[in-house]
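Colleague: Give me a 3D structure for the following:
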Amino acid sequence: MAEKLNLNDEDDVVTPWSVESKNQTGIDYDKIILKFGSSKIDDVLLERFEKLTGKKPHRWLRRGIFFSHRDMHRALNLYEQGKPFYLYTGRGPSSDVMHIGHLIPFTFCKWLQDVFDVPLVIQLTDDEKTIWKNLKIEDAIKLSYENSKDIIACGFDINKTFVFSNLEHIGCNPAFYQNMIRIQKSITFNQIKGIFGFGDSDPVGKIAFPPTQAAPALSSTFPFIFKNEKVQCLIPCAIDQDPYFRMTRDVAPKIGFPKPALLHSTFFPALQGSKTKMSASDNNSAIFLTDTSNQIKNKINRHAFSGGQADMAEHRRLGGNCDIDTSFQWLRFFLEDDEQLEQIRKDYTSGEMLTGDLKKIIINLLQVIVAEHQEKRKLVTDDIIKAFMEPRDLGFIPFKK
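Modeller: Numbering: from 1, shown residues only. Here you go, the predicted model:
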């Protein structure tokens, strides 16, 4: 929702455009679940996931980084019955450089695509950024193409993945525009204002945009993929995008489609701590996918918020606080080994491990991750981008009733 979450005396702000907390440990996600009316991803869901797929849940599921859902059991029911569903995620290209936090939904979608062997559509909302950031249309499209290189470098199966720029694709796809109109007819101006908090002085394009983000959750938006079948959609996204899809879930049954299911992630913390998420607009809050190994080292050493004590003696005596330490929080995202992560937590909490030692671990890990990504990105040619953006059949096979 656009309004603040009323969290006792300490208000957290969670909107599609702003995330802030006054608490050093960051947003209270349990209260978000209550406020937004979603469901917690619990052990029952994870056990069912592993039983049906034969795959160990992703570390982000195991560690509560993807913490909330809407109707994930419905998606699992379909998988159990041999019926299809598809994935949908997106990116608002506001700069030509993405940071490591931007990789979260795409890395997770890549994993889900591999586990379930399903189609994926990736929306580049360059139209949104044209309106919100006051970009020229031509510049926004260029940013879409630059961001698509980083997205494609995540390793998606080209035979099952469609990437598209709103500014280029919608005008060539009548079904997309027709679904936008169906959604627009089903929502009042007051509902849009109530959900997103738009004011009378906002550009009318902001008010009209939410149906554009909603339309890919309806399978008939992509007749070249789904052949006009009404297929369930699953959307992995950060929790700040939930207002768009609460709206979509209200509208979808009215126009004859299943409600999209969702998986919600927590926010990737800024270098300065968990009070806000990492931002591409603040160079010192983020590790960018273009950063060199030396830049990564310097940024973390200089700017990463520490949960350690004022001096070594105090740290050895009292230990560190992993709940507020940026380096440890980032390890929760990127270190695969659960046992190693737990040992680091114990050593840092006891004071046996110093802040410098902890920073060294995350520096080494991110240097490898970013360098590998840069090598993969170099392989993404203009022809490869064109192939991913070509409207085409993705091998979808309707369920035979």
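Colleague: any idea how this protein splits into domains?
Modeller: Per the record, the chain has its domains at 13-270, 282-378, by automatic domain parsing.
Colleague: So which residues of the stretch 201-350 of the chain form helices?
Modeller: 204-208, 210-214, 223-226, 242-251, 293-303, 312-318, 326-334, 338-350 (DSSP state H, counting those that start in this stretch).
Colleague: Now the helix ranked longest in the chain - C-alpha only, CSV.
Modeller: Ranked by number of residues, the top helix in the chain under DSSP state H is helix 355-378. What follows is helix 355-378, C-alpha atoms only, in CSV (Å, rounded to 0.1, in the frame of the first residue of the first chain):
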residue,chain,number,x,y,z
THR,A,355,34.4,-7.4,11.6
GLY,A,356,37.4,-7.2,9.3
ASP,A,357,37.4,-11.0,9.0
LEU,A,358,33.7,-11.0,8.2
LYS,A,359,34.1,-8.3,5.6
LYS,A,360,36.9,-10.2,3.9
ILE,A,361,34.6,-13.2,3.5
ILE,A,362,31.9,-11.3,1.7
ILE,A,363,34.4,-9.3,-0.3
ASN,A,364,35.9,-12.5,-1.7
LEU,A,365,32.5,-14.0,-2.4
LEU,A,366,31.2,-10.9,-4.2
GLN,A,367,34.3,-10.4,-6.2
VAL,A,368,33.9,-13.9,-7.7
ILE,A,369,30.1,-13.5,-8.3
VAL,A,370,30.4,-10.1,-10.0
ALA,A,371,33.5,-11.1,-12.1
GLU,A,372,31.6,-14.3,-13.3
HIS,A,373,28.6,-12.2,-14.1
GLN,A,374,30.7,-9.7,-16.1
GLU,A,375,32.1,-12.5,-18.2
LYS,A,376,28.7,-13.9,-18.9
ARG,A,377,27.4,-10.4,-19.8
LYS,A,378,30.2,-10.0,-22.4
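Colleague: So what touches that helix?
Modeller: 100, 103, 149-150, 153-155, 287, 289-291, 293, 296-297, 300-301, 304, 306-308, 315, 320, 325, 327-328, 330-331, 334-335, 344, 348 (Cβ atoms under 8 Å, 6 or more residues apart in numbering). In this view, the C-beta of every residue, glycine as well, is placed from N, C-alpha and C.
Colleague: Now that we have those residues, which of them are buried?
Modeller: 100, 103, 149-150, 153-154, 287, 289, 291, 296-297, 300, 304, 306-308, 315, 320, 325, 327-328, 330-331, 334-335, 344, 348 (16 or more other Cβ atoms under 10 Å).
Colleague: Can you list the low-confidence ranges for the stretch 201-350 of the chain?
Modeller: Residue ranges of the stretch 201-350 of the chain with pLDDT under 70: 274-282.
Colleague: How much space separates residue 366 from residue 373?
Modeller: According to Cβ to Cβ, to the nearest Å, residue 366 and residue 373 sit 10 Å apart.
Colleague: For these two, indicate the residue with more neighbours.
Modeller: The neighbour count for residue 366 versus residue 373, taken as other Cβ atoms under 10 Å, is higher for residue 366 (22 against 19).
Colleague: From residue 213, how far out is that one?
Modeller: Using Cβ to Cβ, we find residue 366 at a distance of 31 Å from residue 213.
Colleague: cool, and residue 350?
Modeller: According to Cβ to Cβ, residue 350 stands 46 Å off from residue 213.
Colleague: ok, now residue 57?
Modeller: Counting by Cβ to Cβ - residue 57 and residue 213 are separated by 28 Å.
Colleague: the more surrounded of these two?
Modeller: Remark: of residue 57 and residue 213, residue 213 carries more neighbours, 24 against 18, as counted by other Cβ under 10 Å.
Colleague: number of nearby residues for the closest residue to the more buried one other than its chain neighbours?
Modeller: Excluding its sequence neighbours, the residue lying closest to residue 213 (Cβ to Cβ, 6 or more residues apart in numbering) is residue 244, at 4.9 Å. Look at residue 244: counted by other Cβ under 10 Å, it has 22 neighbours.
Colleague: residues contacting residue 244?
Modeller: Going by Cβ under 8 Å, 6+ apart, residue 244 touches 16, 210, 213-214.
Colleague: Dump those to CSV, plus distance to residue 380.
Modeller: What follows is the contacts of residue 244, written out as CSV (distance: Cβ to Cβ, whole Å):
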residue, distance to residue 380
16, 28
210, 31
213, 25
214, 29
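Colleague: Can you select the buried ones among those residues for me in PyMOL?
Modeller: Here is the PyMOL command that selects the buried residues among those (16+ other Cβ under 10 Å):
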select buried, resi 16+210+213+214
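Colleague: Residues touching stretch 76-88, excluding its own?
Modeller: The contact list for stretch 76-88, computed with Cβ under 8 Å, 6+ apart, reads 48-49, 52-53, 75, 109, 112-113, 116, 118-123, 216-217, 219, 225-226, 229, 231-236, 260-261, 396-399.
Colleague: mind running it again at 6 Å?
Modeller: Stretch 76-88 has contacts (Cβ atoms under 6 Å, 6 or more residues apart in numbering) with 52, 75, 109, 112, 118-121, 216-217, 231-235, 399.
Colleague: Could you do stretch 172-191 as well?
Modeller: Contacts to stretch 172-191, defined as Cβ under 6 Å, 6+ apart, come from residues 170, 211-212, 214-215, 218, 220-221, 223, 251, 254-255.
Colleague: go on, stretch 379-394?
Modeller: With Cβ under 6 Å, 6+ apart, stretch 379-394 has contacts from 119, 148-149, 152-153, 158, 160, 163-164, 224-225.
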